[in-house]
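Enquirer: after the sequence you'll find the predicted model.
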Amino acid sequence: MNFKDRTPEQWQESRKRGIETAKKNREERQKLIDKKSQDSLDLVFGIAEKRAELKKLEKEIEVQTVALELTKTNLYTEEKIVESSLPFNNNDQSGVYFLINDMKIVYVGQSVNVYSRIPQHVDKRFDRYAIVRCERNLLDLMESLYIHVIRPKLNGNYGDDKAAPISFPGLLDIAAGQMKEAA
């Protein structure tokens, strides 16, 4: 059909399609502008994040250099510290502890809070300690077993036996009773 031969309705329809096409083109251009704007913002924020990371790394290097100079060791990273951490629970503080001097266990004790108990041993000479955590209801048993097997010199004596909350014959009686119950 020739351009001149169109009816008013056809002109109206053609005009309507032209307006819709122009509107669609404007929307697509705006989406493209918005995407480019967002990409630019992402780039700006990405650069800012990288600059902050770089600044943090530079500070870590500076502190590590000072630590190495002062202590001859490197500091652990936050990730390593967190990775090796234990959950805090007041009930987890109970256990049997071992006071060690010159790489020998010199004393075995127990406490419901070993971290507050160990420093109270001002009367004993030790340069290290170790802890075996256990439930409160097992403290006497565990301490006694360790005392009887290790026989540390600073735990007292009862005749031929080491001083422990439960004597060795008492431990045997408890074990026999539990075996009897299990049978």
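Expert: Looks like it arrived, so ask away.
Enquirer: how's this protein carved up into domains?
Expert: 3-70, 90-182 (automatic domain parsing).
Enquirer: following the longest helix along the chain, which helix or strand comes up?
Expert: In the chain, taking DSSP state H as the definition, the longest helix is helix 8-71. Scanning forward in sequence from helix 8-71 by DSSP states H and E, the next helix or strand is helix 78-83.
Enquirer: list the helices and strands the helix or strand following that following helix packs on?
Expert: Reading on from helix 78-83 to the C-terminus, the next helix or strand found by DSSP H and E is strand 95-101. Applying 3 or more Cβ pairs under 8 Å, 6 or more residues apart in numbering; DSSP states H and E, one finds that strand 95-101 contacts strand 104-111, helix 114-117, strand 128-133, helix 139-150. Every residue, glycine included, has its C-beta placed from N, CA and C.
Enquirer: let's go with 6 Å and repeat that
Expert: strand 104-111, strand 128-133, helix 139-150 (3 or more Cβ pairs under 6 Å, 6 or more residues apart in numbering; DSSP states H and E).
Enquirer: give the rounded mean pLDDT of it.
Expert: Strand 95-101 shows a mean pLDDT of 94 in the predicted model.
Enquirer: kind regards, and thank you for your time.
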